[in-house]
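Engineer: sharing a sequence plus its predicted fold:
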Amino acid sequence: MTDSALVELKGVSKRFSTSHILPVDEETRKRHFFKKREVCAADDISFAIAPGEIFGLLGPNGAGKTTTVKMISGLVRPDTGEAFVKGMSVERKRRQILRHVGVVLEGTRTSLWPLTPFENLVYYGMLKDVRGPILKERAHDLLDFIGLQDKKNVQVRRLSRGQKQKLAICIALIADPHVLLLDEPTTGLDVQSSRAIKDKVMEMTREQGRGVLVTTHDMHVAQELCDRIAIINHGKLVACRRTESLLEYFSEQIFVFRLDKPVDTELFSAIPGIGKVEYEKTDEPSLLIQLAGESEELRSEALYKIVRIFEEQRCLLRSISQRKQNLESIFLRLTTDNTDIDMTEKGNTCLSSW
Amino acid sequence: MSFLLVMKAELVRSFIIMRRYWFRTLTGLVLGYGMLMVLVAGFIYSREGLEERVQQFDDPSAATNFILGFIVGMFAFGVVGMFTQGLQGMATTGVLEQLCMSPHGLAVNFMAQTVVSSVATILSSGIMVYAVTWSVGGMLHWDTIPVLILLTLTFFNLVGFGFMVGGLVLVFKQVGQVAILVRMGLFALAIFAKEELLANPWPFTFLLHILPITDATICIKYVLIKGQMRSVAVAGADPEMVFSSVFAHSSFYWLIGNCLFWTFVGLTIFRFMENHSRSKGTLGSY
């Protein structure tokens, strides 16, 4: 068990198998007598979440994100490996760990629509073993914190989708959990609601020291919110790094030079450590040069030589900028290419990087 | 303690909903009364001549027997339904997963929900039984202690059975559809259950005893309709009606045995199936 980790998954795997009698084949439309299907939802997944950290789990549909969340919350039992929350095994101390975990699952109603937000919080608080005056006080505080105090007496069915999502987060927080698991918290929300939820998640993580796991499809949410990001594909962790480090790692060292006149691209071919050289289709000449050098020294040398060529050609160098990768392109690369790079920080795990 | 806290939460929730949707609660009662009256009239007078149909009800005890059977059947239908359709509904909305994540556990949460909803059903059914019985000129012998004991045993009997079916529904969601037939069977059995049914060949009688509603209904009808009076043959004279407590009735012992059996079997199967559904990942699917 990693010291001080709030959540830890160690080599967790899960396969789901379904059996169907007389199913129709979706491609051939032929009926079979019996069909058994197996899906790998998690394959040897390991990572840890520290207090005050927002950990993002990204992956395409069916990659195994929700299964991972459910394994941490004890809703799904792993086939192999083990999940720990606050050092306790989820399988062996399930009842105890449920007091420390708040979960918002994607696409479910969670709240009871005939009740008001305040009544919902009191109801779920009791189910989570919170009692007495603390419960009501906490319910009011949470509604204040999330900005639903003015709606506390309105039936949930009359609330907007964003407000319902905020309430779901409050319900997850009613037992004051140390760990918060958010499965697609901003899906389907408008910009304002999404912003509000992101702000609140950041606030409660930084100020209250909770450990938060966020699964999302939204790369902007992940890039903005998460301290560390793991990318999961077909149940396997294909990357797990700090957000900046992930962006840096995939940054292709492409530099854009804005000039006053075009220069012959052949002039750069002799420079060692230079990759592709091409013009960008813009109104004024913009030369794109990719540095392929492995070492920093080689790249630096190449940049000096490029600038010297511009000088020799008497070009006016208007600006130099580095083209940054965004998380979306990295995500697409990792989930569509058959990348063989080991993108996890410690071999195949992501256990201790904070 | 844990159970009481969950029950308090359920009680508050049910009371709020009942109060908030008071019109629906009230119309439900009136509709129930109307439906029962129509059913009673249809059931009794379908066998009578046309001219008598417009007369007053001439067999109040048959009507009362039918009403009571109907209400007990509704109760059984509702309690078992909590574990089948109710469970499927919760899986659809995501509430089931929330309950699973409660530290009290799914079984305790379900038990509390069922107790609360059953109390509400018993109260509203009680009002309906009285209203309909009074309308047909019948009479109920309301002996509080035996009735409460019988209702409690019946409830646990049904809950045990419900837990068994509910456990299966957690893993095999299609069982919910089959369970409708089982619920309807229990409903019909409650309407027609009477002591004479137990005078059949032993395999059939044993099956009737094992089913969770037969002896419960016989006992409830024995107290409420017959007033715990049994006819005893007297030599050379008409049979005499004598008081014989329900606690001495053989069906009462079958009811206790059933209650223990179904509670044990139901809870064991439910816990096993809950763990199995976590392994199969079917808790939230529907």
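Structural biologist: Now that the structure is in, tell me what you want to look at. Residues are numbered from 1 along each chain as shown, chains lettered A, B, ... in the order given.
Engineer: make it CA atoms for all contacts and neighbour counts henceforth
Structural biologist: Noted.
Engineer: tell me where chain B has helices.
Structural biologist: Counting by DSSP state H, chain B has these helices, from start to end: B:2-20, B:22-45, B:50-53, B:60-83, B:85-93, B:95-100, B:106-135, B:144-171, B:175-192, B:202-210, B:214-224, B:250-280.
Engineer: wait, does the second one contact chain A?
Structural biologist: No: legend: contact between helix B:22-45 and chain A by CA under 8 Å from any CA of the partner chain is lacking; minimum distance shown is 12.7 Å.
Engineer: name the residues that touch that helix?
Structural biologist: Outside of helix B:22-45, the residues that reach it under the criterion CA atoms under 8 Å, 6 or more residues apart in numbering or on different chains are B:18, B:52-53, B:62-63, B:66-67, B:124, B:128, B:131-132.
Engineer: how about the residues you listed in a markdown table, adding distance to A:E38?
Structural biologist: Shown next, in a markdown table, are the contacts of helix B:22-45 (distance: CA to CA, whole Å):
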| residue | distance to A:E38 |
| --- | --- |
| B:M18 | 46 |
| B:E52 | 67 |
| B:R53 | 64 |
| B:A62 | 58 |
| B:A63 | 57 |
| B:F66 | 52 |
| B:I67 | 52 |
| B:S124 | 49 |
| B:M128 | 53 |
| B:A131 | 58 |
| B:V132 | 57 |
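Engineer: if any of the residues you listed are buried, put those into a ChimeraX selection.
Structural biologist: Applying 16 or more other CA atoms under 10 Å in any protein chain shown to the contacts of helix B:22-45 leaves a buried subset, and the ChimeraX line that selects it is:
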select /B:53,62,63,66,67,124,128,132
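Engineer: now, which of the contacts of helix B:22-45 lie close to chain A?
Structural biologist: Applying CA under 8 Å from any CA to these, one finds that nothing falls near chain A.
Engineer: farthest pair within the contacts of helix B:22-45?
Structural biologist: Maximum pairwise distance among the contacts of helix B:22-45 (CA to CA): 40.7 Å, between B:M18 and B:E52.
Engineer: which one in the contacts of helix B:22-45 is the model shakiest on?
Structural biologist: Across the contacts of helix B:22-45, the smallest pLDDT goes to B:R53, namely 47.
Engineer: which bits of the stretch 1-150 of chain B sit near chain A?
Structural biologist: Checking the stretch 1-150 of chain B against chain A by CA under 8 Å from any CA, the hits are B:2, B:5-6, B:9-10, B:12-13, B:16-17, B:92-95, B:97-105.
Engineer: show me which positions of stretch A:273-286 end up buried.
Structural biologist: Quick answer for stretch A:273-286 (16+ other CA under 10 Å): A:273-274, A:277, A:279, A:285-286.
Engineer: can you tell me what sits against the helix or strand hosting A:A41?
Structural biologist: When secondary structure is defined using DSSP states H and E, the element that contains A:A41 is strand A:34-49. Contacts with strand A:34-49, where a contact means CA under 8 Å, 6+ apart, come from A:2, A:5-23, A:55, A:62-64, A:67-68, A:81, A:211-213, A:234-237, A:348-352.
Engineer: which ones among these come in contact with chain B?
Structural biologist: Checking the contacts of strand A:34-49 against chain B by CA under 8 Å from any CA, the ones in range are A:16-17.
Engineer: of the contacts of strand A:34-49, which belong to helices?
Structural biologist: In this view, those that belong to helices under DSSP H are A:67-68.
Engineer: from the contacts of strand A:34-49, keep the buried residues only.
Structural biologist: Buried members of the contacts of strand A:34-49, scored by 16+ other CA under 10 Å, are A:5-15, A:55, A:63-64, A:67-68, A:81, A:211-213, A:234-237, A:348-351.
Engineer: show me where pLDDT drops low in chain A?
Structural biologist: Flagging of chain A using pLDDT under 70 yields the residue ranges A:1-3, A:107-109, A:249-252, A:293-294, A:324-325, A:337-354.
Engineer: enumerate the residues of it near chain B.
Structural biologist: Chain A has residues A:16-17, A:73-79, A:94-96, A:98-99, A:108-111, A:114-115, A:122-123, A:126-129 near chain B, with proximity defined as CA under 8 Å from any CA.
Engineer: buried among those? Make that a ChimeraX selection.
Structural biologist: Of the residues of chain A next to chain B, the buried ones go into a single ChimeraX selection, burial set by 16+ other CA under 10 Å:
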select /A:73,74,75,76,77,78,94,95,98,99,108,109,110,111,114,115,122,123,126,127,128,129
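Engineer: so which of the residues of chain A next to chain B are in helices?
Structural biologist: Among the residues of chain A next to chain B, the subset assigned to helices under DSSP H consists of A:94-96, A:122-123, A:126-127.
Engineer: beta partners of the most centrally placed residue in chain A?
Structural biologist: For chain A, the residue sitting closest to the mean C-alpha position, by CA atoms, centre = their mean, is A:G56 at 2.8 Å. Beta-bridge partners recorded for A:G56 (DSSP bridges): A:V214, A:I229.
Engineer: one step back: now render the ones in helices among the residues of chain A next to chain B as JSON lines, adding distance to B:A120.
Structural biologist: Written out in JSON lines, the entries for these read as follows (distance: CA to CA, whole Å):
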{"residue": "A:R94", "distance to B:A120": "33"}
{"residue": "A:R95", "distance to B:A120": "30"}
{"residue": "A:Q96", "distance to B:A120": "33"}
{"residue": "A:V122", "distance to B:A120": "21"}
{"residue": "A:Y123", "distance to B:A120": "19"}
{"residue": "A:M126", "distance to B:A120": "21"}
{"residue": "A:L127", "distance to B:A120": "21"}
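Engineer: could you report the neighbour count for B:G160?
Structural biologist: The burial metric for B:G160, expressed as a neighbour count using other CA atoms under 10 Å in any protein chain shown, is 28.
Engineer: wait, A:I97
Structural biologist: Using other CA under 10 Å: A:I97 sits among 25 other residues.
Engineer: ok, now how distant is it from B:G89?
Structural biologist: Between A:I97 and B:G89 the distance is 27 Å, computed by CA to CA, to the nearest Å.
Engineer: ditto for B:V165
Structural biologist: Distance, B:V165 to B:G89, by CA to CA: 15 Å.
Engineer: what about the two, which has more around it?
Structural biologist: The residue with more neighbours, out of B:V165 and B:G89, is B:V165; 23 against 15, by other CA under 10 Å.
Engineer: who's in contact with B:K8?
Structural biologist: With contacts defined as CA under 8 Å, 6+ apart, B:K8 has no neighbours.
Engineer: and the residue of the stretch 101-250 of chain B closest to chain A?
Structural biologist: Minimum separation of the stretch 101-250 of chain B from chain A (CA to the nearest CA) falls at B:P103, amounting to 4.7 Å.
Engineer: where's A:R258, which helix or strand?
Structural biologist: strand A:254-259.
Engineer: my error: substitute A:C170 in the last question.
Structural biologist: Under the assignment given by DSSP H and E, the secondary-structure element containing A:C170 is helix A:161-173.
Engineer: list the helices and strands whichever helix or strand comes after that helix packs on?
Structural biologist: Counting by DSSP H and E, the next helix or strand C-terminal to helix A:161-173 is strand A:179-183. The criterion is 3 or more CA pairs under 8 Å, 6 or more residues apart in numbering or on different chains; DSSP states H and E, and the helices and strands that strand A:179-183 contacts are helix A:65-72, strand A:101-104, strand A:211-216.
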